[in-house]
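Engineer: got a predicted model here, sequence first, then my questions.
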Amino acid sequence: MYFMPAINMGQREFLDLLERADEDTDGRLSYYELRRALKVSGLHHTRLRTWLAMRKCDLNRNGVINGDKEMAELLSYAQKKWNIRVE
């Protein structure tokens, strides 16, 4: 069985990571920006993880994560699927 250790970070720290990944500063996370954030956080298999996260968290299917509702969904998804403990 594969064990992935938890990545501990505060909610503000996780949101800052996502904010720094937003290179064009439009307030939205594209697939590539989210993937870059996952790489920086130390996760592996970022291509698959990003694709799955976009499918789950992009609620309006516009190709980006934007708005409070989608960010909250991404935060919840990170806790469940990526073993990131957001405190």
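Structural biologist: In hand now; what should we look at?
Engineer: show me what contacts residue 20?
Structural biologist: Residue 20 makes contact with 37, 40, according to CB atoms under 8 Å, 6 or more residues apart in numbering. All C-beta spots, glycine's among them, are computed from the backbone N, C-alpha and C.
Engineer: quick one, phi/psi of it?
Structural biologist: With angles defined as degrees, to the nearest 10, residue 20 shows backbone torsions of phi -70, psi -30.
Engineer: again, but for the one 5 residues further on
Structural biologist: Dihedral angles phi and psi of residue 25 (degrees, to the nearest 10) take the values phi 50, psi 40.
Engineer: which ones are touching it?
Structural biologist: Going by CB under 8 Å, 6+ apart, residue 25 touches no other residue.
Engineer: I'd like to know how many residues surround the nearest residue to residue 59 once chain neighbours are set aside.
Structural biologist: Nearest residue to residue 59, sequence neighbours excluded (CB to CB, 6 or more residues apart in numbering): residue 70, at 5.5 Å. Using other CB atoms under 10 Å, residue 70 has 19 neighbouring residues.
Engineer: quick one: residue 70 and residue 42, what's the gap?
Structural biologist: Distance, residue 70 to residue 42, by CB to CB, to the nearest Å: 23 Å.
Engineer: do the same with residue 12
Structural biologist: In terms of CB to CB, residue 12 sits 18 Å off from residue 42.
Engineer: which of the two has more residues huddled nearby?
Structural biologist: Neighbour totals were compared for residue 12 and residue 42, and residue 12 leads with 11 against 8 (other CB under 10 Å).
Engineer: for this protein, which residues score under the pLDDT cut-off?
Structural biologist: 1-6, 86-87 (pLDDT under 70).
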